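# With the input below, show me the fold.
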Amino acid sequence: MSGASAVPELREVLGENKAKLKKVIIWGTLVPIFIYLLFALGVIGATGGQTTADTISGMRQVFGGGLIYLIAIFGFLCVATSYLALSIVLKKIFIFDLKVKPILAILIVCLVPLLLYLLGINNFIQIISFLGLWLGAVEGILILAIYQRAKKNGDRQPEYSLNLPKFVYFLIGILFILGPILNFIFVRL
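This next block holds a predicted model:
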């Protein structure tokens, strides 16, 4: 769901059409929310009490093997495209921010996940749940802090700006902190 890492790429792709950035970010957020909601409702509607964390095994119990292959391919493409987008961003961070040589950056991005898998860290659902929640919370808090700092100290006119009361940013930050804490207390991944 988090697409913050795609915003710099998006700004680069838009080129001179920077005025469209706000609209693209809004639609780029709303469309995945709608698709995720449809997917979740479809899975729960189809499998009911047999819904599983990985979706596929629960669907297999209800529909058998034929439809499962199509669902598995769709799921793989969703994960693979997200991984590719994040890999490109991570590679650029290594190269431009950390001054890592391009070939080494590519090797790190490609081989570290494989190495972790080979070392036995292979419960995919738990890994992406844990990392998504904790890293998403850290990213959200950092974005809030950067936004506040840029609004206060920035010297350029942004493409758009949010005019929310400060307590709203504070509440959003609290939610980012509470999410991982409540998950740790109740789920214990």
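# Poorly predicted segments of this protein, please.
1, 159, 188-189 (pLDDT under 70).
# Report all helices and strands that the longest helix along the chain contacts.
Scanning the chain for the helix with the most residues, using DSSP state H, yields helix 124-153. Taking 3 or more C-beta pairs under 8 Å, 6 or more residues apart in numbering; DSSP states H and E as contact, the helices and strands that helix 124-153 lies on are helix 166-186. From N, CA and C alone the C-beta is placed, and that goes for glycine too.
# Report the angle between the helix it packs on and helix 124-153.
In terms of direction (axes from the mean of the first three to the mean of the last three C-alpha atoms, to 10 degrees), helix 166-186 departs from helix 124-153 by 160 degrees.
# At which residues are the helices of this protein located?
With helices called from DSSP H, the chain shows them at 7-14, 21-47, 56-63, 66-92, 102-118, 124-153, 166-186.
# Minimum distance to residue 160: which of those has it?
For the helices of the chain, proximity to residue 160 was assessed by C-beta to C-beta; helix 21-47 is nearest, at 4.2 Å.
# What residues sit buried inside the closest one?
Of the residues in helix 21-47, 21, 24-25, 43, 47 count as buried by neighbour count, 16 or more other C-beta atoms under 10 Å.
# Then stretch 48-68?
The neighbour-count check on stretch 48-68 (16+ other C-beta under 10 Å) flags 51, 55, 58-60, 68 as buried.
# In TSV: these, plus distance to residue 16.
Shown next, in TSV, are those (distance: C-beta to C-beta, whole Å):
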residue	distance to residue 16
51	47
55	42
58	48
59	46
60	49
68	46
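# which of the buried residues of helix 21-47 lies closest to residue 170?
residue 25 (22.4 Å).
# gap between the closest one and residue 18?
The spacing between residue 25 and residue 18, counted by C-beta to C-beta, to the nearest Å, is 12 Å.
# Also residue 56?
In terms of C-beta to C-beta, residue 56 sits 41 Å off from residue 18.
# What does the residue of the chain most remote from its centre show for phi and psi?
Each residue of the chain has a distance to the centre, and by C-alpha atoms, centre = their mean the biggest one is for residue 64: 30.5 Å. As for residue 64, its main-chain torsions (degrees, to the nearest 10) stand at phi 80, psi -160.
# Residue 121 too?
phi -90, psi 80.
# same check, this time on residue 165
The phi and psi values for residue 165, taken as degrees, to the nearest 10, are phi -60, psi 150.
# How many neighbouring residues does it have?
By other C-beta atoms under 10 Å, 8 other residues sit near residue 165.
# One more: residue 125?
The number of residues packed near residue 125 is 12, by other C-beta under 10 Å.
# show me what contacts it?
By C-beta atoms under 8 Å, 6 or more residues apart in numbering, the contact set of residue 125 is 53-54.
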